[in-house]
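Visitor: Just the structure for this:
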Amino acid sequence: MDANSVLEMITSTSFGIWFLIGAALVFFMQCGFAMVETGFTRAKSAGNIIMKNLMDFCIGSIVFMLLGFGLMMSQDYFAGIIGIPNFGMFQNYESFDYSGFVFQLVFCATAATIVSGAMAERTKFSAYCVYSALISAVVYPIEAGWVWNKGGWLYQLQFVDFAGSAVIHTVGGTAALVGAIILGPRIGKYSKTKSGKIKSNAIPGHSLTLGALGVFILWFGWYGFNGAAATTIESLGSIFLTTTLATGASTVACMIFTWIKDGKPDVGMCLNASLAGLVAITAPCASVDALGAVIIGLVAGILVDVVVELLDKKCHIDDPVGAVGVHMANGIWGTLAVGLFATGKGEGAFVDGSALPGLFYGGGLKLLGIQALGIVTIVAYVLVAMTIVFQIIKHTIGLRASAEDEILGMDLAEHGLSSAYADFMATTPAYNGEVSEQVDLTGIKPVELTLGSKAEGKYTQVSIVCPEDKFGILRDTMEAIGVTGMTVTQVMGCGVEKGHLGRYKGVPTSMNLYPKVKVDIVVSTVDPGLVVAAAKKAIGTEHRGSGKIFVTDVEDVMRVRTGETGYDALND
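Guide: Numbering: from 1, shown residues only. Here you go, the predicted structure:
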């Protein structure tokens, strides 16, 4: 055996090993997605989110083995549209393409998990399991075969998607958009002002640190995501370079853009921008040079902010983690960017091994037209397919959790888990938006109280403990009866029923503490009985857990700034 043969054998073996290492890196990205989604949402659904990210891979593995892989990669490919499963894994396991199956499986799982973030905090777990299985078994494999199976019609047209901007991210982002629209927003996310306009209320995630950890894990895994299919050292190095430059450029662009627009750089949006740059460079990573990668990243960093705010503030579509802006918008941009910036010298998944140059590199409109045709077709297919899937689920087993379950949190409602942070108090921000309906106080009569008689030198404190989603209407009701100040704290607690008792690893919990809002109001001129009556009307429901109202006498009060006491300290 000559030296060239030995070198060729070593190179082939090395890249075969790297191929599987890349697949393992892509699998590790499941951890990144779980951390991003958990960090960008509220603590009361953290366990549910972890469970969903675990199960979409586990369920996806089974259904992809049984059906999805055959629909996608079968050698018997019908009319360039769909594969005919031959179940080669079961009929001839010894000669089966093990590496190819694992590689395609981890990418399939990525497409399924993207949807979870946009539908977080209000989706029934059973519904999630069903639609995740259908994405992995049918929806994703069909369109992925168009691009990556040599018999696929887009492959035959020389459509370029080296690592999945269209096949994975646009598909996941489009499915997320459909799901978020059909599901509707979280309770308290949108409300009407007195003028009738719809206002978007911020619901911050409970851990920006977890979100950042997830982004760094995803960035690390993305080197395998984009680079695993490389077949030469030169190509692999170029892919690593373009991936890094695009991501860095997108993050810097978003930082500057939000700094100028909002007066301060937005941390959460910059984390999303890093992911947007990664998504955008995924399709062209092997086709573009350094300049093209930087331009692609710069556009991605601004595009993600524009789309996230457009969906939230104008379209009123609730996407807690920004999945649509990151994956759909930048998946489309990255796919089209191939037609603009491809040099014609990189690796390409083409029938004859050739690589077409993009518009800015002398190739004219041919490649851009192919890319546009492909992405429009894929988006249209997913819109139709996922609309059917979600509507069937909605009208059979149900897609959305009940309002009560959503307020309690998916952890307790769906899994009997009191808290994903057993040794820590969950700090869930209170809803602070305008209310959609004003409480009718016509004819309301003060409650007779044994305290709060306004005796000489006495003032009255009314302490109201209520669910967080009732704070907005309570605040506005207090303002309507003349209350001019209040102190709001976030507390944990339960009544004599000890909450809805859950289980942790099969063991019943002795007491379940819910996140509540405690509003303390000290009054001197407003009748405390009126405060109690109005509060009861504002927060009262027929369900347990509506809250408590405590009334106590206050001996005196001082305003620290001026030293005023008594009545003067409570009034301006």
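Visitor: Helices of the stretch 251-400 of the chain, residue ranges please.
Guide: Ranges of helices in the stretch 251-400 of the chain, per DSSP state H, counting those that start in this stretch, are 267-282, 290-309, 323, 330-341, 366-394.
Visitor: pLDDT below threshold where in the protein?
Guide: Across the chain, the ranges flagged by pLDDT under 70 are 1-12, 346-354, 423-441, 449-458, 497-512, 572.
Visitor: Okay, and the nearest residue to Phe103 once chain neighbours are set aside sits in which element?
Guide: Once flanking residues are discounted, Phe103 sits nearest to Ala23: 4.7 Å by C-beta to C-beta, 6 or more residues apart in numbering. The C-beta positions use only the backbone N, C-alpha and C, and glycine is treated the same way. Assigned by DSSP states H and E, Ala23 belongs to helix 3-39.
Visitor: and that helix, what does it pack onto?
Guide: helix 46-63, helix 98-118, helix 208-227 (3 or more C-beta pairs under 8 Å, 6 or more residues apart in numbering; DSSP states H and E).
Visitor: Mean neighbour count, these: which tops it?
Guide: helix 98-118 (a mean of 23; mean count of other C-beta atoms under 10 Å).
Visitor: Check whether the residue nearest to Phe103 really touches Cys108, as I assumed.
Guide: No - with contact defined as C-beta atoms under 8 Å, Ala23 does not count as touching Cys108 (11.5 Å).
Visitor: Give me the distance between Lys536 and Val115.
Guide: 41 Å (C-beta to C-beta, to the nearest Å).
Visitor: With Gly297 instead?
Guide: With C-beta to C-beta as the criterion, Gly297 and Val115 are 25 Å apart.
Visitor: Likewise for Ile239?
Guide: Applying C-beta to C-beta to Ile239 and Val115 gives a distance of 27 Å.
Visitor: Centre-most residue in the chain?
Guide: Gly117 (2.4 Å; C-alpha atoms, centre = their mean).
Visitor: now the strands for the stretch 351-500 of the chain?
Guide: For the stretch 351-500 of the chain, applying DSSP state E, counting those that start in this stretch gives strands covering 459-467, 487-493.
Visitor: With distance to Val389 added, can I get the ones you listed in TSV?
Guide: Shown next, in TSV, are the strands of the stretch 351-500 of the chain (distance: least, C-beta to C-beta, whole Å):
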stretch	distance to Val389
strand 459-467	33
strand 487-493	38
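Visitor: Ok, which of those strands comes nearest Ser274?
Guide: Among the strands of the stretch 351-500 of the chain, the nearest to Ser274 by C-beta to C-beta is strand 487-493 (30.4 Å).
Visitor: buried residues in the helix holding Ala23?
Guide: 15, 18-19, 22-23, 25-27, 29-39 (16 or more other C-beta atoms under 10 Å).
Visitor: just stretch 546-561 next, same as before
Guide: 547, 549, 551, 554, 557.
Visitor: Over to stretch 187-204?
Guide: 187-191, 200-201, 203.
Visitor: Widest-spaced pair of those?
Guide: Across the buried residues of stretch 187-204 (C-beta to C-beta), the longest gap, 13.8 Å, separates Ile187 and Ser200.
Visitor: Would you map the helices across the stretch 451-572 of the chain?
Guide: Using DSSP H, counting those that start in this stretch, helices in the stretch 451-572 of the chain cover 471-480, 528-539, 567-570.
Visitor: Turn those into a markdown table, including mean neighbour count and distance to Ser45.
Guide: Supplementary listing: the helices of the stretch 451-572 of the chain in a markdown table, determined by neighbours: other C-beta atoms under 10 Å; distance: least, C-beta to C-beta, whole Å:
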| stretch | mean neighbour count | distance to Ser45 |
| --- | --- | --- |
| helix 471-480 | 20 | 19 |
| helix 528-539 | 21 | 23 |
| helix 567-570 | 16 | 39 |
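Visitor: So which of the ones you listed is nearest Gly164?
Guide: helix 471-480 (41.6 Å).
Visitor: Run the chain-centre distance for the closest one.
Guide: Centroid displacement of helix 471-480 relative to its chain, using C-alpha atoms, centre = their mean, to the nearest Å, is 31 Å.
Visitor: That one - contacts with which helices or strands?
Guide: Counting by 3+ C-beta pairs under 8 Å, 6+ apart, helix 471-480 packs on strand 514-523, helix 528-539.
Visitor: got the contact list for Pro265?
Guide: 255-256, 258-259 (C-beta atoms under 8 Å, 6 or more residues apart in numbering).
Visitor: Actually, Tyr140.
Guide: So Tyr140 contacts 68, 72, 108, 111-112, 167-168, 171 (C-beta under 8 Å, 6+ apart).
Visitor: 10 Å - rerun?
Guide: 60, 64, 68, 71-72, 104, 107-112, 134, 167-168, 171-172, 175, 382, 385 (C-beta atoms under 10 Å, 6 or more residues apart in numbering).
Visitor: Next, it: secondary structure please.
Guide: helix (DSSP: H, G, I helix; E, B strand; the rest coil).
Visitor: gap between it and Ile375?
Guide: 16 Å.
Visitor: Is it possible to get CSV of the buried residues of stretch 546-561 that adds distance to Gly211?
Guide: CSV is the format used below for the buried residues of stretch 546-561 (distance: C-beta to C-beta, whole Å):
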residue, distance to Gly211
Gly547, 31
Ile549, 37
Val551, 42
Val554, 42
Val557, 41
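Visitor: Now intersect the residues you listed with the strands, please.
Guide: 549, 551, 554 (DSSP state E).
Visitor: Using a markdown table, please lay out these together with distance to Gly540.
Guide: Listed next are those as a markdown table, based on distance: C-beta to C-beta, whole Å:
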| residue | distance to Gly540 |
| --- | --- |
| Ile549 | 10 |
| Val551 | 16 |
| Val554 | 25 |
